[in-house]
Structure formats: C-alpha cells, structure tokens
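A.B. asks: I would like to see how this sequence folds:
(one chain, ligands or ions: 1)
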Amino acid sequence: MKNQRKYLFPNVIELNLQAGRPLGVNIYLIDGGSEYVLLDIGQDDTLDEVIDLIRQLDFPLSKCKMVIATHADADHVQALAQARERLKTKTAAHPKAAALIESGEVVETYAQITAQNFSIPMPVCKIDVRLKDGDVIEVGNLKLTVWSTPGHTPGQLSFKLRNLLFSGDNIYKDTCVGVIDAHHGSNIPDYITSLKRILADDAEFLLPSHGPAFRKDPAVLQPAIDRLTKYQYMADFGTCAVSWPLQEQWEKDILAGKMPDL
Ligand SMILES: [Zn+2]
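C.D. replies: All right, here's what the predicted structure looks like:
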C-alpha cells in the first residue's frame, strides 16, 4: 500500500502528522533525496507502525542513514535498539545521552519513576556516532548542523536545517519547557543559555519533540527565559536552584535574633 507524503516543510515529514494519529513523541524524517535520517524513534509499541509508514511512503529502509536521539528519554528512544536492528542503520546521540542509552539507565531516562509505580523497559542500544556542537550531518544534499542545548538534560541536542531548528524538548508552542528535575540532570542556568541561543538565532521555525511546529517568536521564548531566571532563586525546583534568598535572609535573622515582621 502506498501513501502520499505529507511534507511539513521541504524535506521534512513528521510521522504523527503523516500517520494521522498520535503515536507519541514527534518523529521527524529528514529527506535528503538519496537518503534520510530519523530524529527520535519513539517507543517499542509504535515501532511496527513507524516502520510500516516509512515503507508506505516509499523510503527504502536501507536508505536510512541514521536514527538520531535528541536526548535519552525513554519516550524518545525506547525503540532505538530494535530500530537499529530492523533498519540495519546507525544510531547517533550526544555523548552524555549515549552513556545512558548504552547502559540502559532507567532513572535519568524516565523509564522508571518509582514513586508513581511507573516502569517500562529501557533496552540497551549501541550508539555508533557521538555528536557534538558544531558537527554537520550530511543527509543526501542537505546539511544538518548539530547544537548542544543542555538544560532539560545534559545530552539534549537541537539541529539546524536552513531556517528550521529541530528544538527537541527545549521549548513548546505554549511557552512550556521540558521537565526540570535534578534526577534527570536538568540544569537551569544551562537551560537559560540554550533558550537564549535559540532566541538569538535566525531560525524562523521551531520543530519541537512534542506538540506542533511553530514560528519562532520572542513572545514564546522570552516568558520561558523569564520564568527560568526566577526559578534559579525559588524553591519550586529547589534541587536545581542556584540559591534561595528567603532561606539566606531567614538564617541571618535567626542569628541576629530578629523576630518575623508580622
Ligand atoms: Zn520529551
């Protein structure tokens, strides 16, 4: 069965949109003509459908140059090991994501959240290519530039293609950012740096790993930067905070014998 390709932008297909049904995390197929890459692959239970879809779109499995992990979260890469086998392709990730994927780490990848009785398998997968900031991935006649954008996780990558930035879990259309959690390796100052880099860049469209692609707009990015700037000095994400002025003042007041202003 053949299927009409639905290009979101020239050379870019998003497989949830293409399938016409939510599969999970966004999976971008970047079509370089003679070959293609996949950005993220999702979970094991949707891999059959993803592979069927790729076949129906007339992309030979043998032309998949690599499957690239935006980061190591289980919802993005649980199916990586199976995909590497079945597509006979290479895998690529940031070194810090690669270490988690190659060891099948379950806490930092959110495969296991004990307090919520949540647990899914995190199959170990070899990562063939380590990606770092500034690397260029050639896909047919396209060039995809790798950005290291830590914050959500230390190994979070983004990818620039012409005026498009595949922005991973950095920022979504509603100004939300990816989860901030110390057990996940989140770092708020790094996160702010990554968001500012995205804001300053000349990319016109952001293609996130969750939710719709959208036009890059300071009205989306600046509120997130402002929020995270405050979080650095608030207890809300305390294990990721830089300092907590209220506690510092409280300790000074205790030492000074100062009673609370009521
Ligand atoms: Zn995610």
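A.B. asks: and the closest residue to P123 other than its chain neighbours, what does it touch?
C.D. replies: Nearest non-adjacent residue to P123, counting by CB to CB, 6 or more residues apart in numbering: A81, 4.0 Å away. Quick note: C-beta positions are derived from backbone N, CA and C, even for glycine. Counting by CB atoms under 8 Å, 6 or more residues apart in numbering, A81 touches P123, V124, C125.
A.B. asks: Need phi/psi at the closest residue to N3 other than its chain neighbours.
C.D. replies: Closest residue in space to N3, ignoring its immediate chain neighbours: Q56 at 4.0 Å, by CB to CB, 6+ apart. In terms of degrees, to the nearest 10, the main-chain angles of Q56 are phi -60, psi -20.
A.B. asks: Was I right to think Q56 contacts Q4?
C.D. replies: No. The pair Q56 / Q4 is not scored as a contact, 9.5 Å apart, by CB atoms under 8 Å.
A.B. asks: Comparing these two, which residue is more hemmed in?
C.D. replies: Comparing Q56 with Q4 by neighbour count (other CB atoms under 10 Å), the higher total belongs to Q56, at 15 against 7.
A.B. asks: From L8, how far off is the more buried one?
C.D. replies: Between Q56 and L8 the distance is 17 Å, computed by CB to CB, to the nearest Å.
A.B. asks: Any chance of JSON lines for the contacts of A81, columns distance to T149 and pLDDT?
C.D. replies: JSON lines is the format used below for these (distance: CB to CB, whole Å; pLDDT from 0 to 100):
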{"residue": "P123", "distance to T149": "26", "pLDDT": "97"}
{"residue": "V124", "distance to T149": "25", "pLDDT": "98"}
{"residue": "C125", "distance to T149": "22", "pLDDT": "98"}
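A.B. asks: Filter these down to the buried ones.
C.D. replies: P123, C125 (16 or more other CB atoms under 10 Å).
A.B. asks: Next up, the contacts around the residue lying closest to N26 once chain neighbours are set aside.
C.D. replies: Excluding the flanking residues, the one nearest N26 by CB to CB, 6+ apart is S209, at 5.1 Å. Applying CB under 8 Å, 6+ apart to S209 gives the contacts V25, N26, D40, T70, H76, S167, G168, D169.
A.B. asks: tell me which of the residues you listed is nearest to I101?
C.D. replies: H76 (10.0 Å; CB to CB).
A.B. asks: Report all helices and strands that whichever strand in the chain runs longest contacts.
C.D. replies: Assignment by DSSP state E gives strand 142-148 as the longest strand of the chain. Applying 3 or more CB pairs under 8 Å, 6 or more residues apart in numbering; DSSP states H and E, one finds that strand 142-148 contacts strand 136-139, strand 157-161.
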